[in-house]
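1. Model the structure of this input:
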Amino acid sequence: QVQLVESGGGLVQAGDSLRLSCAASGRTASIYGMGWFRQAPGKEREFVATIRWRGGTDTYYADFVKGRFTISRDNTKSAMYLEMNSLKPEDTAIYFCTAGPTYSYRVERQDYWGQGTQVTVSS
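-> Presented below is the predicted three-dimensional model:
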């Protein structure tokens, strides 16, 4: 099992920045990909960004965050980050950290999920 704990969410104004963190513990040797998903009220959970955990540093982003968000990782700390810049009200959502045995943007390929952290962007 892998445990994931997010932190760093909060209430900010449009145009501000936030940095989310995800701490992984447990069987981290089984992880080959990690990512961020989000879910806004009344909407389905959607992909935000993913990063290869081992065997490379590939990253992939949803179109709506390209150029604004940056995903990164620190394997020595078993941690992953999401730097979010130029935040918009439509970025308001619960952000979830995920991990799985593959590098993938698909919800069904994520074996482990954190409890989520709330990001609220006011206009």
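2. Now do the strands for this structure: every range, in order, please.
-> 2-7, 10-13, 18-26, 33-39, 46-52, 59-61, 69-74, 79-84, 93-100, 112-113, 117-122 (DSSP state E).
3. Which residues are in contact with the residue lying closest to residue 15 once chain neighbours are set aside?
-> Leaving aside its chain neighbours, residue 15 sits nearest to residue 86 (6.1 Å; criterion: C-beta to C-beta, 6 or more residues apart in numbering). Every C-beta, even on glycine, is put in place using the N, C-alpha and C of the backbone. Contact partners of residue 86, counting by C-beta atoms under 8 Å, 6 or more residues apart in numbering, are 15, 17, 68.
4. Just the pLDDT for residue 86.
-> For residue 86, the pLDDT comes out at 97.
5. swap in residue 121?
-> pLDDT recorded at residue 121 is 98.
6. Kindly report the same for residue 106.
-> 95.
7. for the one 10 residues further on, same thing?
-> Looking at residue 116, its pLDDT stands at 98.
8. And the residue nearest the centre of the chain?
-> Nearest to the mean C-alpha position of the chain, by C-alpha atoms, centre = their mean, lies residue 36 at 2.2 Å.
9. That one reaches residue 98, doesn't it?
-> Yes. Assessed by C-beta atoms under 8 Å, residue 36 is found in contact with residue 98 at 7.2 Å.
10. Quick one: the contacts of residue 86 as CSV, columns for distance to residue 43 too.
-> Putting these into CSV (distance: C-beta to C-beta, whole Å) gives the following:
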residue, distance to residue 43
15, 23
17, 23
68, 19
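11. quick one: which of these has the most company?
-> For these, the largest number of neighbours (other C-beta atoms under 10 Å) sits with residue 68, at 15 neighbours.
12. hang on, that residue packs against residue 83?
-> No. Counting by C-beta under 8 Å, residue 68 stays clear of residue 83, with 9.2 Å between them.
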